[in-house]
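[1] I need the structure of the sequence given here:
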Amino acid sequence: AVVSTQSTGVEMCRGVQHPLRGLFLRNFLLTSTRDVLPDIDDTTNDTGTVDDSIDFILLNFSEMNKLWVRMQHQGHSRDKTKREQERLELKILVGTNLERLSRLEGVTVNKYQNHVLPAILKQLINCKDSIAQEYLMDCIIQVFPDEFHLKTLDIFLDTCCQPQGAVNVRNILISKIGRLSNYAQSDPNNIPEDIKLFEIFSGKVTQIIQSRTEMPPEDILALQTALIKLALNVYPTETDYVDQVLQNCFNIFDTDKSRAKGCSTELSRMLRVPVDHYQDILTILQLEHFTALFTFLEHRVRKELCVYITEHVIQTDTHIDSHDQVDLFLTMVSCLIADTPDQPKEPEDPEDFEIQQSLVGRVVHQLTSTVPDQQFLILNMCKKHLLNGGDKRIQYTLPSLVFRAMELCRVYFELKDEDEKWEKKVCKILQYINSLLAALVKAEYWDLALRLFLQAALICDLVGIQTAESIAYEFVSRAFAIYEEEVSDSKAQLVAISLIIATFERTINFSEENHEPLRSQCTRASSKLLKKPDQCRAVSLCAHIFWSGKNRESEGAAMQDTKRVLDTLKKSVRISNQCMEPSVQVQLFVELLNKYIYFLDKGCTDVTQAMISQLVGKIRDDMPGLEPGEGTNQIMQHFNSTLANIKAKHGMSFGSV
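    As a prediction, the model looks like this:
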């Protein structure tokens, strides 16, 4: 009875040929029979079998689809857009048939494979309507179970090559790939070993791209991105699959370079997928065709991608520990390291440029190996790449190399009992450092070079190899040469000579033969500063060299030359007396008072309490003559704090100002 009623309903609906009315009438028929359709395979049952229900729904689907497609061809051509919009609003009426089919429990995998899907696909192809084809293929993907899709994958993908050219095959394939990818991720055992998902999809995507020469490059990249995600999610250990996709992309764009134009953003987005997934730049470096695709990126997009990769290495704290891998990595991000032929002629924004180069300087610290000899090879590889950056970049990048080289010197020094050639290796590293600093000098980064020369001198002094003294002396001499010849600003001169004095005071391995002229040079340079306040402060700093300075003859003991300390302090007082500005003079006296107290506390016998009392009296006499103001208040506060310190440590009471 049910079967007879279904047949009668279908035949009666044929009487309504108006597309819109017919669609709603057939939808009403489907809805009305929802709860009475047979869903069993029992042929003895008078109500019919599930096959009858399938035939009924397929027939109703076929008729509804014809009516839906016919709507496109009614009316004037100028109303085409309006009709398409109306059809899109009614598409769910047609799709309801497929949804009802998917709910029939009697529809097994075999029935779906042999009967249901072929019938749907036949109707889909024969209608030759792009809107219907695209929607119905998406319906098939969404409503039927994953197991059905696995068994009919080849049939479905073959059909994807047949729709009208206007059909967006990209979205259909991406949806199919995503559906099965999620199914595989939920349980790896869901995918039988004999079904090679990636190979099937990859082959079909390649076939479609080759057959559709007019396919936009954005669609090509979207499909390839979906394949990469499939490979990463379903076959996470198979990096060859990802590289195969990258190779296919390269071949497509290399064969027809015009296809790559205007799709740099999409290509960059695709390349970021494996970077985000692997969280390991070492795996990315194994992908042979990853960097090759950079050639198809616009300069701006390529630089943004390089910044993204470099930041990723730093954020994940990934260490690249092989000089070959370092070479690959620096080649990958080469547009950050050096100029490229395709870069814009307009100068880059200075702030952006500084951020990018600082990033390169930071990533150098990620290029490390726990094996010292390998680390030296890495440093040489970095030097090879970074020196190509030109003068404008090396001020940001070379300091990192210098400090990594200094760290390597310390490592060899700690391993001196295990490596008999450690001294020769340290010498090579020091020569390496000298070559980097020479590049900075040539580029006229005087302040940076001076500071690094002094830092290098301390490293030489620390490791204490046989040639350390001569190398350290050379480094200090170069720093002095820069100070005397290239530093002209008075403030910069004071800072520079202060650094030189502080560095020299920390050295311990100079012989007296070399130590004495360097001491004298520091004192002479300090007394030749242009401004008297600068002279006073610099000369007073020299007192520390004569007190806590060390040389080889003292065997690590401080010089503690009390006479030279006192002479230097007295000279500073004489210089301060020559200052014409009362407030500056008093401020210098307070600073020198603190110097006297420091050396008195350290046990310098030539510095007496009487000298301190005399200097305190001098300050007291001059203080009332200062003009009221913030500067004077700070001087008085400093002076009173100093007097309180003297009283606490030495019991000398002077009162307060």
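
[2] List the residues that contact Ile429.
    By Cβ atoms under 8 Å, 6 or more residues apart in numbering, the residues touching Ile429 are Phe376, Leu379, Ala405, Leu408, Cys409, Tyr412. Quick note: C-beta positions are derived from backbone N, CA and C, even for glycine.

[3] Would you mind giving the secondary structure of the fifth one?
    Reduced to three states with DSSP: H, G, I helix; E, B strand; the rest coil, the structure at Cys409 is helix.

[4] For the remainder of this discussion, apply numbering that starts at 479.
    I'll keep to 479 as the first residue from here, and by that count the last item is Cys887.

[5] While we're on it, how confident is the model there?
    pLDDT for Cys887: 93.

[6] just the last one next, same as before
    At Tyr890, the model reports a pLDDT of 92.

[7] can you tell me the helix or strand for it?
    helix 869-892 (DSSP states H and E).

[8] Please enumerate the helices of the stretch 779-928 of the chain.
    Using DSSP state H, counting those that start in this stretch, the helices of the stretch 779-928 of the chain run over 801-810, 812-815, 828-841, 850-864, 869-892, 900-920, 924-941.

[9] what about the longest one, distance to the chain center?
    In terms of Cα atoms, centre = their mean, to the nearest Å, the centre of helix 869-892 is set 21 Å apart from its chain centre.

[10] and if you look at the last one?
    Relative to the mean C-alpha coordinate of its chain, helix 924-941 is positioned 31 Å out (Cα atoms, centre = their mean).

[11] ok, Ser654 to Cys727 distance?
    Wrong residue type there; residue 654 is Lys, not Ser. Per Cβ to Cβ, to the nearest Å, Lys654 is found 20 Å from Cys727.

[12] Which one's more surrounded, those two?
    Applying other Cβ atoms under 10 Å to Lys654 and Cys727 shows that Cys727 carries more neighbours, namely 26 against 22.

[13] Need the residues that contact the helix or strand hosting the more buried one.
    Using DSSP H and E, Cys727 falls within helix 717-733. Outside of helix 717-733, the residues within contact range by Cβ under 8 Å, 6+ apart are 676, 680, 684, 687, 695, 698-699, 702, 705-706, 709-710, 713, 737-738, 745, 748, 752, 761, 764-768, 770-771, 774.

[14] Does anything pack onto the helix or strand hosting Gln1112? Which helices or strands?
    Take DSSP H and E as the rule and Gln1112 turns out to sit in helix 1108-1128. Judged by 3 or more Cβ pairs under 8 Å, 6 or more residues apart in numbering; DSSP states H and E, helix 1108-1128 is in contact with helix 1060-1080, helix 1087-1100.

[15] Would you convert those helices into TSV that also reports mean neighbour count and distance to Ser966?
    Shown next, in TSV, are the helices and strands packed on helix 1108-1128 (neighbours: other Cβ atoms under 10 Å; distance: least, Cβ to Cβ, whole Å):
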stretch	mean neighbour count	distance to Ser966
helix 1060-1080	19	22
helix 1087-1100	15	33
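
[16] mind putting these in CSV, distance to Thr717 included?
    Putting the helices and strands packed on helix 1108-1128 into CSV (distance: least, Cβ to Cβ, whole Å) gives the following:
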stretch, distance to Thr717
helix 1060-1080, 64
helix 1087-1100, 74
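
[17] do you know which of those helices lies nearest Leu814?
    helix 1060-1080 (46.1 Å; Cβ to Cβ).

[18] in the stretch 479-628 of the chain, what spans have low per-residue confidence?
    For the stretch 479-628 of the chain, the stretches flagged by pLDDT under 70 are 479-485, 488, 519-525, 553-555.

[19] Now stretch 871-888 - C-alpha only, CSV.
    C-alpha atoms of stretch 871-888 as CSV (Å, rounded to 0.1, in the frame of the first residue of the first chain):
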residue,chain,number,x,y,z
ARG,A,871,73.1,46.2,8.4
ILE,A,872,76.3,45.1,10.1
GLN,A,873,75.8,47.5,13.0
TYR,A,874,72.8,45.3,14.1
THR,A,875,74.0,41.9,13.1
LEU,A,876,77.8,41.6,13.7
PRO,A,877,77.7,42.4,17.5
SER,A,878,75.8,39.2,18.1
LEU,A,879,78.5,37.2,16.2
VAL,A,880,81.2,38.9,18.2
PHE,A,881,79.6,38.0,21.5
ARG,A,882,78.9,34.4,20.3
ALA,A,883,82.6,34.2,19.4
MET,A,884,83.6,35.5,22.9
GLU,A,885,81.4,32.9,24.5
LEU,A,886,83.2,30.2,22.5
CYS,A,887,86.5,31.5,23.8
ARG,A,888,85.2,30.9,27.3
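
[20] For it, buried residues please.
    Buried residues in stretch 871-888, counted by 16 or more other Cβ atoms under 10 Å: 871-884, 886-887.

[21] from those, which is closest to Lys920?
    The closest of these to Lys920 turns out to be Ile872 (Cβ to Cβ; 9.4 Å).
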